[in-house]
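Colleague: got a structure for you, letters missing:
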């Protein structure tokens, strides 16, 4: 018990799991009979969901890092494509369930680690977003921005302080790679079998779900972390089966990134490879192999070179024109910005004041994370966001070569730097792709703390020690002695 609280159910007991299985089967049997009798297929689906619910509850209580957090990691690439009109997205609800399940898990295990420095910085950034919200012209957009950022920071806070083992962390990384594989395969199958659904993407691979087509650049950026994890897994694999699985995973994810023709993602892939080479003992050999490999890639996929040439001709599809307008808006309010949610308003007010060699049109987002924050929140917001982001690297630098976690250090570092490169061409401040890597970095820190004998959790319940019998003084009861 915790501080005299009532006894919590033991979800690790086999009897509890069997009762949940029996309850699920009973609900499904009764509901299926009613659904078949009524001929309503929708009722059958609902009943099936209710029947599985008891098992999912037990799974979330016993293995929260498998479900729902594992499923959340897998669906991260589909975030914007699985949006529900007026109700957020399915990965967002999975994130809420994951935070709830891991929070209960932390309460059951009675271990909560002290928050990292990055969490305090993110809290300051969120406070600055809230303060600037009262200066917003578009309150609808400002509210959506605040809600998205607040939910991500709360999610980060839960996972940064909850206990996690190395095995659980590696399972989360495996789930991320699995999600990247699913997204890559689905995108390529959709591209070849239903090209009409992706007509708006100019023959670039992406995903389309429920009528929502994900931006090809966002799709490719979401595959950067799976690519980094698969690459590091391949380089550290020793068993033939592991080598084969890692190579196949890497090939599938990389093929989808190439087919997306995202210039920023391809540049980020090159950065991942260079970071990996930097951490390797054989740097010269890595450079000798990597440079010709990229040259061969350009020869095999000439459309990449065409995209690069078009980028120089059009200023990155109008990005330089957009940056010029947003920079003009930024210098008008450099310290505190235009206010939360006002980036589009700032752009439109300065659109006609700047000559654009390539006309990008009205109402365009900044297409640059730092510039987006600078326009809305000023230099104060940029400093807070940058400090919080780079604070994620602090626990990584303490792990040296030869450590069991060294491969994860390289993979997480490469992912963070790759997303930093991608952020130069698109806003990633509120994407699941970025925050999932930030969560991995925070969990990496927790694993380090848990294996240090001298470091204990910030809160760990310890039952009061019983006093020795020799130290118990006799009490007098009604004038007599208790002896």
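Modeller: Alright, I've got the coordinates. Treat the numbers as computed from the prediction; the structure is a model and nothing was measured.

Colleague: Going by C-alpha atoms from here, please, whenever you check contacts or count neighbours.
Modeller: Will do.

Colleague: which phi and psi does residue 208 have?
Modeller: Main-chain torsions, residue 208, degrees, to the nearest 10: phi -130, psi 120.

Colleague: Could you count how many residues lie near it?
Modeller: For residue 208, the count of nearby residues is 20 (other CA atoms under 10 Å).

Colleague: And residue 412, by the same measure?
Modeller: Applying other CA under 10 Å, we find 24 residues neighbouring residue 412.

Colleague: Where do the helices of the stretch 351-483 of the chain begin and end?
Modeller: 369-390, 406-422, 432-450 (DSSP state H, counting those that start in this stretch).

Colleague: Residue 74: which of the ones you listed is closest?
Modeller: Checking the helices of the stretch 351-483 of the chain against residue 74 by CA to CA gives helix 432-450 as the closest, at 10.7 Å.

Colleague: For residue 61, see how far away residue 243 is.
Modeller: As defined by CA to CA, to the nearest Å, residue 243 lies at a distance of 33 Å from residue 61.

Colleague: thinking again about what came up before, save the helices of the stretch 351-483 of the chain as JSON lines, and put in mean pLDDT and distance to residue 183 too.
Modeller: Listed next are the helices of the stretch 351-483 of the chain as JSON lines, based on pLDDT from 0 to 100; distance: least, CA to CA, whole Å:
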{"stretch": "helix 369-390", "mean pLDDT": "97", "distance to residue 183": "24"}
{"stretch": "helix 406-422", "mean pLDDT": "96", "distance to residue 183": "18"}
{"stretch": "helix 432-450", "mean pLDDT": "96", "distance to residue 183": "13"}
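
Colleague: any chance of the ones you listed in TSV, with distance to residue 111 too?
Modeller: Putting these into TSV (distance: least, CA to CA, whole Å) gives the following:
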stretch	distance to residue 111
helix 369-390	25
helix 406-422	24
helix 432-450	10
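
Colleague: just so I know, which of those lies nearest residue 120?
Modeller: Closest to residue 120 of the helices of the stretch 351-483 of the chain, according to CA to CA: helix 369-390, at 8.1 Å.

Colleague: what sits up against the closest one?
Modeller: With contact meaning CA atoms under 8 Å, 6 or more residues apart in numbering, helix 369-390 is reached by 117-119, 121-122, 124-125, 128-129, 132, 323, 326-327, 329-330, 333-343, 346, 365-366, 423-429, 438.

Colleague: hmm, back to that, who has more neighbours, residue 243 and residue 61?
Modeller: Per other CA under 10 Å, whichever of residue 243 and residue 61 has more neighbours is residue 61, with 22 against 16.

Colleague: Wait, the more buried one touches residue 104, no?
Modeller: Yes - in this structure residue 61 lies within contact range of residue 104 using CA atoms under 8 Å: 7.5 Å.

Colleague: ok, and the closest non-adjacent residue to residue 435?
Modeller: With CA to CA, 6 or more residues apart in numbering as the criterion, residue 435 has its nearest non-adjacent residue at 7.1 Å, and that residue is residue 152.

Colleague: so where's the stretch 51-200 of the chain uncertain?
Modeller: Low-confidence regions of the stretch 51-200 of the chain, defined by pLDDT under 70, span residues 51-52, 84-88, 195-200.

Colleague: coming back round to it: would you list the buried entries among the contacts of helix 369-390?
Modeller: Buried subset of the contacts of helix 369-390 (neighbour count, 16 or more other CA atoms under 10 Å): 118-119, 121-122, 124-125, 128-129, 132, 323, 326-327, 329-330, 333-343, 346, 365-366, 423, 425-429, 438.

Colleague: show me where the stretch 1-150 of the chain has helices.
Modeller: For the stretch 1-150 of the chain, helices defined by DSSP H, counting those that start in this stretch occupy the ranges 14-38, 41-62, 69-75, 90-109, 117-133, 139-161.

Colleague: tell me what the fourth one is packed against?
Modeller: When you say that, I think you mean helix 90-109. Applying 3 or more CA pairs under 8 Å, 6 or more residues apart in numbering; DSSP states H and E, we find helix 90-109 packed against helix 41-62, helix 69-75, helix 139-161.

Colleague: Residues contacting that helix, please?
Modeller: Residues external to helix 90-109 that are found in contact with it (CA under 8 Å, 6+ apart): 8, 60-62, 64-65, 67-69, 71-72, 75-76, 78-79, 82-84, 112, 155, 158-159, 162-163.

Colleague: Those residues, buried ones only, as a PyMOL selection?
Modeller: Written as a PyMOL command, the selection of buried residues from those, which uses 16+ other CA under 10 Å, is:
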select buried, resi 60+61+62+64+65+67+68+69+71+72+75+76+78+79+82+83+112+155+158+159+162+163
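
Colleague: Which strands or helices does the helix or strand hosting residue 321 pack on?
Modeller: If you go by DSSP states H and E, residue 321 is part of helix 302-330. Applying 3+ CA pairs under 8 Å, 6+ apart, one finds that helix 302-330 contacts helix 263-279, helix 343-350, helix 369-390.

Colleague: make it 7 Å
Modeller: Secondary-structure packing of helix 302-330 (3 or more CA pairs under 7 Å, 6 or more residues apart in numbering; DSSP states H and E): helix 343-350, helix 369-390.

Colleague: possible to save those as a markdown table with distance to residue 148?
Modeller: Below are the helices and strands packed on helix 302-330 laid out as a markdown table (distance: least, CA to CA, whole Å):
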| stretch | distance to residue 148 |
| --- | --- |
| helix 343-350 | 16 |
| helix 369-390 | 14 |
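
Colleague: Among those, which comes closest to residue 209?
Modeller: Closest to residue 209 of those is helix 369-390 (CA to CA; 26.0 Å).

Colleague: Identify each buried residue in that closest one, please.
Modeller: By neighbour count on 16+ other CA under 10 Å, the buried set for helix 369-390 is 369-385, 387-389.

Colleague: Count the residues that sit near residue 421.
Modeller: So residue 421, with other CA under 10 Å, has 17 neighbours.

Colleague: Give me the pLDDT for the residue nearest to it when sequence neighbours are not counted.
Modeller: Distances taken as CA to CA, 6+ apart place residue 268 nearest to residue 421, at 5.9 Å, with adjacent residues excluded. Residue 268 is assigned a predicted lDDT (pLDDT) of 97.

Colleague: show me the residues around residue 268 that make contact.
Modeller: Residues near residue 268 by CA atoms under 7 Å, 6 or more residues apart in numbering: 418, 421-422.

Colleague: measure it to residue 257 for me?
Modeller: Distance from residue 268 to residue 257, by CA to CA: 10 Å.

Colleague: now swap in residue 393 and tell me
Modeller: Distance, residue 393 to residue 257, using CA to CA: 26 Å.

Colleague: how's this protein carved up into domains?
Modeller: With domains defined by automatic domain parsing, the chain comprises 1-62, 65-451.

Colleague: Point out the most buried one among these.
Modeller: Per-stretch averages of neighbours, counted by mean count of other CA atoms under 10 Å, single out domain 65-451 among the domains of the chain, with a mean of 19.

Colleague: and that one, how far apart are its ends?
Modeller: End-to-end distance of domain 65-451: 19 Å, with CA to CA as the criterion.

Colleague: switch to numbering from 803
Modeller: With 803 as the first residue, the last one maps to domain 867-1253.

Colleague: chain center to it: distance?
Modeller: Taking the mean of its C-alpha atoms, domain 867-1253 sits 7 Å from the chain's own mean (CA atoms, centre = their mean, to the nearest Å).

Colleague: Just put the contacts of residue 1070 in TSV and tack on distance to residue 1030.
Modeller: What follows is the contacts of residue 1070, written out as TSV (distance: CA to CA, whole Å):
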residue	distance to residue 1030
1220	9
1223	14
1224	14
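
Colleague: List just the nearest of those residues to residue 1109.
Modeller: Of the contacts of residue 1070, the one sitting nearest to residue 1109 (CA to CA) turns out to be residue 1224, at 16.3 Å.

Colleague: Appreciated, that's everything.
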